[in-house]
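A.B. asks: only geometry, no sequence info:
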């Protein structure tokens, strides 16, 4: 609601539409969608909605995937991008979640990493500041009771783990934010390193091998996830470690398989990462 109010007041001409996803978690979720619909209509903005189906699987990951599928679909139809209201606190929580899951530098960037077609203008704004703005502007919003459920990992991070860590180590949240910022900067550096030597084809990414000669396994552990992302392939940790160990000493004609049917082949002058090993 804060993002809607801010955009309508300051960037109304740039707003192609307002999209709100119903996660189908109960009447409160439906009330939230109706509130957004009313506010969009009051401000003369087009409104779009959809409701989660069985594919959402009633999990955080399932809801997120369904939500972004909907948002990106609406954005494509409007020739626009997706703008979300994620805050500084959301980024801190994301970095801690990734840290607990053993993410590498690429993953630790969290939402500070550029996401194609998605903008987050409030990412440097604290959640408390957003709440203050809502009260100050007299905005109406709906509090979803599921935000208090501790069976969701992000809620446990937000309500229990982060407060406990802050008590033990004051400033821990800001340290996490700094980790995410440094990881995002490293991610940009890796992308810039690859740009002159990587070419994206319809089903593959082709990387010149000679400019990367001399890079050891640690360096390749940073490069492979970035290369894979250009082919819309997500590499799991074991695959990254295996590919990073293989690359420095690989020879022409060798190939390794990745999960999901993807593969990496060493040719005379390139590495070729394909989405599908049969391509």
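C.D. replies: That came in fine, so what should we check first? The structure displayed is predicted, hence computed values, not measured ones.
A.B. asks: helices and strands around the helix or strand hosting residue 49, which ones?
C.D. replies: Assigned by DSSP states H and E, residue 49 falls within strand 47-51. Counting contacts by 3 or more CB pairs under 8 Å, 6 or more residues apart in numbering; DSSP states H and E, strand 47-51 is packed against strand 18-22, helix 27-42. Any C-beta I mention is one placed from the backbone N, CA and C, and that applies to glycine too.
A.B. asks: buried stuff in that strand?
C.D. replies: 47, 48, 49, 50 (16 or more other CB atoms under 10 Å).
A.B. asks: With pLDDT and distance to residue 18 as new columns, can those residues be given to me in a markdown table?
C.D. replies: Formatted as a markdown table, the buried residues of strand 47-51 follow (pLDDT from 0 to 100; distance: CB to CB, whole Å):
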| residue | pLDDT | distance to residue 18 |
| --- | --- | --- |
| 47 | 98 | 5 |
| 48 | 98 | 7 |
| 49 | 97 | 9 |
| 50 | 95 | 13 |
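A.B. asks: tell me the helices in this structure, going along the chain?
C.D. replies: All helices of the chain, identified by DSSP state H, fall at 2-10, 27-42, 60-78, 88-100, 105-108, 127-136, 153-156, 162-168, 172-194, 217-230, 237-246.
A.B. asks: for the second one, packing partners?
C.D. replies: Using 3+ CB pairs under 8 Å, 6+ apart as the contact criterion, the secondary-structure elements in contact with helix 27-42 are helix 2-10, strand 18-22, strand 47-51.
A.B. asks: With the fifth one instead?
C.D. replies: In terms of contact count using 3+ CB pairs under 8 Å, 6+ apart, helix 105-108 is assigned the packing partners helix 88-100, helix 172-194, helix 217-230.
A.B. asks: can you list the weak-confidence ranges in this structure?
C.D. replies: The chain contains residues with pLDDT under 70 at 56-57, 277-279.
A.B. asks: At the geometric centre of it, which residue do we find?
C.D. replies: In the chain, the centroid-proximal residue (CA atoms, centre = their mean) is residue 111; its distance is 5.4 Å.
A.B. asks: Which residue, other than its chain neighbours, is closest to that one?
C.D. replies: residue 91 (5.0 Å; CB to CB, 6 or more residues apart in numbering).
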